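Peer 1: Sharing a model that was predicted from the sequence below.
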Amino acid sequence: MNRTYELMFIVRPDMPEEEQQKLISTLDSVVTSSGGSIHKVDVMGKRRLAYVVRKFHDGVYVLLTIEGNGGLVHELERRLRVTEQVIKFITVRIDEAQKRLDKIKKLREAKRKAVPAAPVPAEAGGETAPVTA
Amino acid sequence: MAEETRSVSAEGSTGGGERSSGERSSTERSGGGGDRGGSRGPRPGGPGGGREGGRKYFRRKKVCKFCVEKIDAIDYKDYRLLGQFVSLESGKIVPRRLTGVCTPHQRRLSTAIKLARNIALLPFSGRAS
């Protein structure tokens, strides 16, 4: 069963651009060879880390959105772990959250269509209440 | 005539409401819950912001930022948003009673903050370096 994951990792700040691309393309080949697909590759750029990681104060954040199964994630994490340049990574499953968001969006749109005729009875209530008190 | 009485009664009721809430807060303070109170809206919090003696002040109703601005997705990548709900000094998650965030959103918020800490977007402790 395929699921959607976000794989975010930090590479060392002194890693050259072409090596980053090489790393990403190897990950890409791993994903495609095991039946998954990469939706998005986003190199978010250099950022100061909130705390020191392996004696680095900065890091280049890379975000991949992939689709695949649990075995694929396992393999990707193993690869990131053995890659010297990667100092930190995290995998988050996002398909269920996305499903929830779509549901909320749909609900909201349905509500927007049904809105007119709501604010009239509030005024009438405000008029009558003080008289009885 | 009828109008006058109506306006007076309306004023009286609102005034009474304010007074009672003020009394409640003062008793709380004397009971040791000194952290409560203070006009904290959805502003970025540090701890211990709302300690305004016995002075008369207008306490704003706290509202959940996520409900009001209709932010559905609390994303761990959005460290600017999450940073508003982390204390400035120590990096702690600011409790609901200070920020006014509703329970379901606070739950999502705390998991998002924990993920962000894991990937070094937010500090575990102390200020972000």
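Peer 2: Perfect, I can see it now.
Peer 1: Poorly predicted segments of chain B, please.
Peer 2: Filtered on pLDDT under 70, chain B yields the residue ranges B:1-57, B:128-129.
Peer 1: in the sheet, who's paired with A:Val43?
Peer 2: Beta-bridge partners for A:Val43, by DSSP bridges, are A:Val62.
Peer 1: Tell me the pLDDT of it.
Peer 2: pLDDT for A:Val43: 89.
Peer 1: What of A:Gly70?
Peer 2: 88.
Peer 1: so how far is B:Ile93 from it?
Peer 2: 30 Å (CB to CB, to the nearest Å). Every C-beta, even on glycine, is put in place using the N, C-alpha and C of the backbone.
Peer 1: The two: who's more crowded?
Peer 2: The neighbour count for A:Gly70 versus B:Ile93, taken as other CB atoms under 10 Å in any protein chain shown, is higher for B:Ile93 (17 against 11).
Peer 1: Tell me what that one is bridged to.
Peer 2: B:Val86.
Peer 1: And for A:Val53?
Peer 2: A:Phe56.
Peer 1: Does it touch A:Val86 like I think?
Peer 2: No: with contact defined as CB atoms under 8 Å, A:Val53 does not reach A:Val86; the gap is 10.6 Å.
Peer 1: Now the common contact residues for the two.
Peer 2: A:Ile10 (CB atoms under 8 Å, 6 or more residues apart in numbering or on different chains).
Peer 1: Now do the end-to-end distance for stretch A:3-23.
Peer 2: In stretch A:3-23, first residue to last residue: 23 Å (CA to CA, to the nearest Å).
Peer 1: How about it and chain B, any contact?
Peer 2: Yes: using CB under 8 Å from any CB of the partner chain, stretch A:3-23 comes into contact with chain B via A:8, A:10.
Peer 1: quick one: contacts of that stretch?
Peer 2: By CB under 8 Å, 6+ apart, the residues outside stretch A:3-23 that reach it are A:39, A:43, A:46, A:49, A:53, A:56, A:58-70, A:73, A:76, A:80, A:83, A:85-95, A:98, B:77, B:119-120.
Peer 1: Compute the number of surrounding residues for B:Ser87.
Peer 2: Using other CB under 10 Å, B:Ser87 has 18 neighbouring residues.
Peer 1: That one and B:Leu121, how far apart?
Peer 2: The value you get for B:Ser87 to B:Leu121, if CB to CB is used, is 16 Å.
Peer 1: tell me the SS of A:Val41?
Peer 2: When classified by DSSP: H, G, I helix; E, B strand; the rest coil, A:Val41 comes out as strand.
Peer 1: got the contact list for the spatially closest residue to B:Leu122 that is not a sequence neighbour?
Peer 2: With sequence-adjacent residues excluded and distances taken as CB to CB, 6 or more residues apart in numbering or on different chains, B:Leu122 is closest to B:Ala116, at 4.4 Å. The neighbours of B:Ala116, taking CB under 8 Å, 6+ apart as the test, are B:76-77, B:79, B:82, B:122.
Peer 1: Ramachandran coordinates for B:Ala116?
Peer 2: With angles defined as degrees, to the nearest 10, B:Ala116 sits at phi -60, psi -30.
Peer 1: Would you check how far apart it and B:Glu69 are?
Peer 2: 19 Å.
Peer 1: hmm, stretch A:71-78 touching chain B?
Peer 2: No: Stretch A:71-78 stays clear of chain B (CB under 8 Å from any CB), getting no nearer than 13.4 Å.
Peer 1: So which bits of that stretch are buried?
Peer 2: Buried residues in stretch A:71-78, counted by 16 or more other CB atoms under 10 Å in any protein chain shown: A:72-73, A:75-76.
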